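here are the coordinates; sequence isn't available:
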RNA sequence: GGAGGGGUCGCAUAGUGGCCGAGUGCGCCGGUUUGCUAAACCGGUAUAUGGUUGUAAAGCCAUAUCGAGGGUUCGAAUCCCUCCCCCUCCGCCA
């Protein structure tokens, strides 16, 4: 959430930032400004009226105690009350409209975010690892996994419909190995605290991180209880900072968790329907950090580095991409995507998205930091995949395939997996 | 699912219509005393919004907030209604 005061005082900056993002939030923004103006004028009048009423009520109490007649004041009170009721009926909807509109405005891009209008304008920051051509036609992970009997999409479709996967035997074991390796790396070497959180949460929790109110159609919802399935554990991990006031010395705080993620993918039917790339359910290791606002960008580099380390150790070539203004997610002020090379598809695929949300989520969930001079400021939250497990498995299959269709298991996974290859 | 109890200022509590934005204890901050620490004593200690003064730091005025939202009343922490959350017991159950 953006601060109404900031919008009021810097309308042109905000207008430009929202325009750079390219969304359709400008009309909402203009409506906020207008309603805010109306609201303030109503509120000023209302406050004065309330002040008068409070005084009169005290006075009446005093007169009654002294057994003095108060009928003229009581009469005035009648009139004040009806005027007040009138104004309150104007004030209430204005206030709630402004609140709702504010909740639907995205975060403002950081100054260092490249300007752009489409994902084409994203900027490659660095490429790590070498993309070396196989000496044979590379298969994609769908074919590899199916032929090895470790992935079964037909079975999954029978169980749940399109967009799901069944992992079988070595496939299931490999998925678990990847997840364990990632969690161990982040907890033992990167200083993250492992958490296990609910997968089903309230609407308020979803609103705090920004999934609601705008993106309800992307979420699975339980109809009886009005609860939502998490699309990422960013939701639950970040919400752990709700209503917290932390001291600057306690920060940064780093947490990780392994959870399933549930996404309806409502806007992307027919896209990436093959394989593990875009499933309605997938597991992901999430990284969340909280820090002081001034450390936002520094922390983003650290977070991104931790996600990158996974790929380095798995020896999968990847590149780091700075998203342009138009491609930023709702809550993000700046984002680096990690993209892995997929030989079977002959293209790069996103495998992690690391963002700083600055104080955007902190405002929504009332997360503050007490500084050295005991002043309070909003906290800063960051999140990133560390990494998406299904996509990582797909990347390993494609990058480590041999001519005969068998798969080399990366060195760091061998102790988890218990062998160095998967053969036909 | 059934029955009951409860949500007050960081924590613990007091408070059943005006003297309560809210007492007390603890904690915390500042000070006095002190070789140091402790103790004792004194003072301070919520947030948000609007208006206003100021270059600013900050100040002043007003309003709102005792789980949330409505209502009754001249006046609500206190009475009524709805909702949320927590706890205990019973039932069911992995």
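Yep, that arrived. Note that this is a predicted model, so its numbers are computed, not measured.

got the buried residues for the longest helix anywhere in chain A?
Longest helix of chain A, by residue count under DSSP state H: helix A:26-65. Residues A:29, A:32, A:33, A:35, A:36, A:39, A:42, A:46, A:49, A:53, A:56, A:60 are the ones in helix A:26-65 that count as buried (16 or more other CB atoms under 10 Å). Where you see a C-beta, it was placed from the backbone N, CA and C, and this is true even at glycine.

mind listing the strands in the stretch 251-400 of chain A by residue range?
A:253-262, A:281-292, A:318-322, A:334-342, A:347-356, A:368-370, A:376-388 (DSSP state E, counting those that start in this stretch).

ok, residue A:236 touching residue A:196?
No. Here residue A:236 does not reach residue A:196: they are 9.4 Å apart, not a contact under CB atoms under 8 Å.

helices and strands around the longest helix of chain A, which ones?
helix A:4-9, helix A:11-21, helix A:71-103 (3 or more CB pairs under 8 Å, 6 or more residues apart in numbering; DSSP states H and E).

Per-residue pLDDT of the closest residue to residue A:311 other than its chain neighbours, please?
Of all residues not flanking residue A:311 in the chain, residue A:318 sits nearest, at 4.7 Å (CB to CB, 6 or more residues apart in numbering). Note on residue A:318: pLDDT of 97.

and if you look at residue A:270?
Predicted confidence (pLDDT) at residue A:270: the value is 68.

Could you pull up the residues touching the closest residue to residue A:287 other than its chain neighbours?
With sequence-adjacent residues excluded and distances taken as CB to CB, 6+ apart, residue A:287 is closest to residue A:386, at 4.1 Å. The contact partners of residue A:386, by CB atoms under 8 Å, 6 or more residues apart in numbering, come to A:182, A:186, A:256, A:285, A:286, A:287, A:306, A:307, A:310, A:352.

most packed of the helices and strands packed on helix A:26-65?
helix A:11-21 (a mean of 16; mean count of other CB atoms under 10 Å).

Tell me which residues are up against that one.
A:2, A:6-7, A:25-26, A:29, A:33, A:105-106, A:108-109, A:115, A:325-326, A:328.

ok now it, how far from the chain's centre?
21 Å (CA atoms, centre = their mean, to the nearest Å).

buried sites along the helix or strand where residue A:159 lies?
Using DSSP states H and E, residue A:159 falls within helix A:153-160. Within helix A:153-160, the residues that count as buried by 16+ other CB under 10 Å are A:153, A:156.

re earlier: who wins for proximity to residue A:211 among the strands of the stretch 251-400 of chain A?
Residue A:211 lies closest to strand A:253-262 among the strands of the stretch 251-400 of chain A, at 11.4 Å (CB to CB).

wait, what's in contact with residue A:95?
Counted by CB under 8 Å, 6+ apart, residue A:95 has contacts residue A:39.

Neighbours of residue A:325, how many?
22 (other CB atoms under 10 Å).

Would you confirm that it contacts residue A:112?
No. Using CB under 8 Å, residue A:325 is not in contact with residue A:112; the gap is 10.9 Å.

and the gap between residue A:150 and residue A:383?
Distance, residue A:150 to residue A:383, using CB to CB, to the nearest Å: 30 Å.

Could you check which of those two is surrounded by more residues?
Neighbours around residue A:150 and residue A:383, counted as other CB under 10 Å, are more numerous at residue A:383. The numbers are 28 against 22.

Spatially nearest residue to that one (excluding sequence neighbours)?
Residue A:383's closest residue in space is residue A:234 (CB to CB, 6+ apart), at 4.1 Å.

Give the burial count for that neighbour, as a bare number.
Counted with other CB under 10 Å, residues neighbouring residue A:234 total 29.

pLDDT score for it?
95.

Determine the number of other residues adjacent to residue A:240.
Residue A:240 has 15 neighbours, counted by other CB under 10 Å.

just checking, it touches residue A:255?
Yes. Checked against CB under 8 Å, the pair residue A:240 and residue A:255 is within contact range at 7.1 Å.

Low-confidence bits of chain A, can you list those?
Chain A contains residues with pLDDT under 70 at A:269-270, A:371-375.

and it, which residues reach RNA strand B?
Within chain A, the positions adjacent to RNA strand B are A:4-5, A:40, A:43-44, A:46-48, A:50-51, A:53-58, A:60-61, A:64, A:74, A:77-78, A:81, A:92, A:375-376 by CB under 7 Å from any atom of the strand.

how about the residue nearest to residue A:311, what does it touch?
A:127, A:128, A:129, A:308, A:311, A:338, A:339, A:340, A:341, A:351.

still on that earlier bit, looking at residue A:236 and residue A:196, which one has more neighbours?
residue A:236 (23 against 10).

Between the strands of the stretch 251-400 of chain A, which one is closest to residue A:97.
Minimum separation from residue A:97 across those (CB to CB) falls at strand A:376-388, 23.6 Å.

Flag every buried residue along the closest one.
For strand A:376-388, by 16+ other CB under 10 Å, it's A:378, A:379, A:380, A:381, A:382, A:383, A:384, A:385, A:386, A:387, A:388.

between it and strand A:318-322, what angle do the directions make?
Put simply, strand A:376-388 runs at 150 degrees to strand A:318-322, going by axes from the mean of the first three to the mean of the last three CA atoms, to 10 degrees.
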